[in-house]
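J.: Here you go, sequence then predicted model.
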Amino acid sequence: MISHSRRHCVVELQALPSRIGQIRRIVSAQLRHWQLDPLIDRAALGVTELLSNVHRHAQPDKTCVVEIELRLGRLTVSVIDSDPRLPVLRTAPVGAMETGGRGLALVAALSEAWGVRQQADGRGKAVWFSLTAAPAPVPQPEPARIVTTPVREPARTLLVGADPGSGPGPAPVPAGLPDALPAGLPAGVPGAVPAGVPAGVPAGVPAGIPAGLPSAAPAAGLRPG
């Protein structure tokens, strides 16, 4: 039977070799859920040794309870069995390759405190050890990497406005020419003289009449009276 709350977990079992490995996995998963990863190895090893003691020494049966409690920054692991006899700390050295038999000596070495207490009804005992709870470090997110691709913009056309007053003016007119003089006329010719009329002929003299004749003279062959 397994029961647990937010900071308290209780597992009831028979302390048999086939169940001890299962309890190790349960303890590891519970501590991982509480974010106490740095304590998993020591807690799992300690509970394994206590359950091995129950399997070897407890009488009249192997029924026991594993209790895990986290309170005020301290993790306490207890193994409660029905044998009222108190365990004895073993001082003789154990071979380095042995996986069990180190019992309370190993529990005392890996924990910060340990102890034994009698049950209130006198029908059993509890062996416990405690560890200072250190939350697992929270992994820091890696900074985001932003990859940029250069974009080549098209060339821009620059439009410059011209100031009408600053541009070149009309071509200069030679001095002495009238403003209305047609293009191609020699300088000094009045603008009203028809093309082909000799210079000096008045503007009203018909074409073909010699210069000096009155403009009202009769046709050729008539003498003036």
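T.: Right, received. Where do you want to start?

J.: contacting residues around residue 69?
T.: Taking Cβ atoms under 8 Å, 6 or more residues apart in numbering, we find residue 69 in contact with 7-9, 75-76, 78. The C-beta positions use only the backbone N, C-alpha and C, and glycine is treated the same way.

J.: can you do 10 Å?
T.: When contacts are counted by Cβ atoms under 10 Å, 6 or more residues apart in numbering, residue 69 touches 5, 7-10, 75-78, 128, 130.

J.: Could you export the residues you listed as JSON lines, including secondary structure?
T.: Below are these laid out as JSON lines (DSSP: H, G, I helix; E, B strand; the rest coil):
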{"residue": "5", "secondary structure": "coil"}
{"residue": "7", "secondary structure": "coil"}
{"residue": "8", "secondary structure": "strand"}
{"residue": "9", "secondary structure": "strand"}
{"residue": "10", "secondary structure": "strand"}
{"residue": "75", "secondary structure": "strand"}
{"residue": "76", "secondary structure": "strand"}
{"residue": "77", "secondary structure": "strand"}
{"residue": "78", "secondary structure": "strand"}
{"residue": "128", "secondary structure": "strand"}
{"residue": "130", "secondary structure": "strand"}
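
J.: Scan these and report the most crowded one.
T.: residue 77 (26 neighbours; other Cβ atoms under 10 Å).

J.: Surely that one and residue 127 touch.
T.: Yes: counting by Cβ atoms under 10 Å, residue 127 is a contact partner of residue 77 at 9.5 Å.

J.: what is in contact with the two at once?
T.: Common neighbours of residue 77 and residue 127 (Cβ under 10 Å, 6+ apart) are 46, 50, 107, 114.

J.: Pull up the gap between the first one and residue 122, please.
T.: It stands for residue 46. Per Cβ to Cβ, to the nearest Å, residue 46 is found 26 Å from residue 122.

J.: Between the two, which is the more surrounded one?
T.: Neighbour tally, residue 46 and residue 122, criterion other Cβ under 10 Å: the higher count belongs to residue 46, 26 against 8.

J.: how much space between the closest residue to residue 14 other than its chain neighbours and residue 77?
T.: Distances taken as Cβ to Cβ, 6 or more residues apart in numbering put residue 62 closest to residue 14, at 5.1 Å, once the chain neighbours are dropped. Look at residue 62 and residue 77: by Cβ to Cβ, they are 18 Å apart.

J.: if we can go back for a sec, just the ones in helices from the shared contacts of residue 77 and residue 127, please.
T.: 46, 50, 107 (DSSP state H).

J.: ok, so of the residues you listed, who is nearest residue 142?
T.: Among these, residue 46 lies closest to residue 142 (Cβ to Cβ), at 35.9 Å.

J.: Just the strands from this protein, written as ranges.
T.: 2-4, 8-14, 63-71, 74-81, 113-118, 125-132 (DSSP state E).
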